[in-house]
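1. Next come a sequence and a model predicted from it.
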Amino acid sequence: MTLLIVLGVIAAAFVIAALWIASIYNALVGLRNRFKNAFAQIDVQLKRRYDLIPNLVETAKGYMKHESGTLEAVIKARNIAAAAASAAAANPADANAIKGLLSAEAGLGGALSRLMVVSEQYPDLKANQNMMQLTEELTSTENKVSFARQAYNDAVMAYNTAREIFPNVVFAGMFGFLPAELFKIEDPTERSAPKVEF
């Protein structure tokens, strides 16, 4: 009889421990899915921006015939950023993919800034209705990216905190819950959205 009680207590302890570990696992899965969803919102806005940039360059091309190098640099940076965004969207939990996207976005921001500085030298371009509309849409999209980035960073912070606290840290590594990368801009000059007003 005593043996049955001991076995019952051991079995109950095992079931309680398994349920506890399962609850930790499920909580981490929920938090990981939340930051992946938040990244999907960034991805939507980035794709919108990537779609606007060729139109912006095409409009500027007619006025800036002698600035083909600047226009080509913007398109090249846009293509690199779009490829990096696709890689990051495939797995937002991959810290290296997010770092690659951040680097590509910094390059694109610099190229867009150069385009805007050069375009200031063309008054007819600044007055072009299509150019004004595109730059307004681009500015609006930049703001949406900023809001989506904040939501993503909040979700990543919650996930990283949950995976680092005890006892979750013990199981996070065993179950493959790796740290997530914040979507932050390292270069202080890149902290502001590219100026796109005419």
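-> Noted; the coordinates are in hand.
2. max-length helix in the chain?
-> Taking DSSP state H as the criterion, the chain has its longest helix at helix 2-61.
3. Give me the helices and strands touching that one, please.
-> Where contact means 3 or more CB pairs under 8 Å, 6 or more residues apart in numbering; DSSP states H and E, helix 2-61 is packed against helix 68-90, helix 95-119, helix 129-164, helix 168-174. (C-beta placed from N, C-alpha, C; glycine too.)
4. mean confidence for the first one?
-> In this case it means helix 68-90. Confidence for helix 68-90, expressed as mean pLDDT, is 92.
5. what angle separates that helix from helix 95-119?
-> Counting by axes from the mean of the first three to the mean of the last three CA atoms, to 10 degrees, helix 68-90 points 150 degrees away from the direction of helix 95-119.
6. If I take helix 68-90 and helix 2-61, what angle do their directions form?
-> Angle between the axes of helix 68-90 and helix 2-61 is 160 degrees (criterion: the same axes, to 10 degrees).
7. send the alpha carbons of stretch 55-66 over as PDB?
-> This file holds the C-alpha atoms of stretch 55-66, laid out as PDB (Å, rounded to 0.1, in the frame of the first residue of the first chain):
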ATOM      1  CA  ASN A  55       8.000  55.600 -59.200                       C
ATOM      2  CA  LEU A  56       9.800  58.300 -57.400                       C
ATOM      3  CA  VAL A  57      13.000  57.600 -59.300                       C
ATOM      4  CA  GLU A  58      11.200  57.400 -62.600                       C
ATOM      5  CA  THR A  59       9.600  60.800 -62.000                       C
ATOM      6  CA  ALA A  60      12.900  62.300 -61.000                       C
ATOM      7  CA  LYS A  61      14.700  60.800 -64.000                       C
ATOM      8  CA  GLY A  62      13.000  63.200 -66.500                       C
ATOM      9  CA  TYR A  63      14.400  66.200 -64.600                       C
ATOM     10  CA  MET A  64      17.700  64.800 -63.300                       C
ATOM     11  CA  LYS A  65      19.300  63.600 -66.500                       C
ATOM     12  CA  HIS A  66      22.800  64.400 -65.100                       C
END
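8. about what we covered before: quick check: which of the helices and strands packed on helix 2-61 is nearest to Gly62?
-> When the helices and strands packed on helix 2-61 are compared by CB to CB, helix 129-164 sits nearest Gly62, at 9.8 Å.
9. what about that closest one, distance to the chain center?
-> 8 Å (CA atoms, centre = their mean, to the nearest Å).
10. If we go by neighbour counts, what in it is buried?
-> 131-132, 134-135, 137-138, 141-142, 144-145, 148-149, 151-153, 155-156, 159-160, 162-163 (16 or more other CB atoms under 10 Å).
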